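Novice: I would like to see how this sequence folds:
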Amino acid sequence: MKESLRRKIIEVCDKKIASKGENVGLSFYAFFANKNDDPELLMEAATWWIMENKLDHFEKALKIKGMIESV
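Specialist: Numbers count the residues shown, from 1 in each chain. Model prediction:
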């Protein structure tokens, strides 16, 4: 996974946790704007989320952050 994507995921998770609490859930779409301006990065996130880790559509931000930080 690209370092820029790792940083983005951690940043988004931190913001969501800070604003909505430790129990907040999110999907991989949370890491992108509502437009398809970087399809390669979107596919990288989707592949990691769906194919590599078999995650549900929504997962806890704390779980995702922990997974990214442990790699």
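Novice: drop to CA atoms for contacts and neighbour counts, all remaining ones
Specialist: Will do.
Novice: what residues sit buried inside the helix or strand of the chain with the lowest mean pLDDT?
Specialist: Of all the helices and strands that make up the chain, helix 39-46 has the lowest average by mean pLDDT, DSSP states H and E, namely a mean of 94. For helix 39-46, the neighbour count (16 or more other CA atoms under 10 Å) marks 41-42, 45-46 as buried.
Novice: of these, closest to A18?
Specialist: A45 (22.3 Å; CA to CA).
Novice: tell me the first helix or strand C-terminal of the least confident helix or strand of the chain.
Specialist: strand 59-60 (DSSP states H and E).
Novice: got the contact list for that next one?
Specialist: 23-27 (CA atoms under 8 Å, 6 or more residues apart in numbering).
Novice: for it, the distance to its chain's centre please.
Specialist: Distance of strand 59-60 from its chain centroid, counting by CA atoms, centre = their mean, to the nearest Å, is 9 Å.
Novice: confirm N23 sits in a helix?
Specialist: No. Going by DSSP: H, G, I helix; E, B strand; the rest coil, the assignment for N23 is coil, not a helix.
Novice: could you check how far the closest residue in space to it that isn't next to it in sequence is from D37?
Specialist: Leaving aside its chain neighbours, N23 sits nearest to K60 (6.3 Å; criterion: CA to CA, 6 or more residues apart in numbering). K60 is 26 Å from D37, where distance means CA to CA, to the nearest Å.
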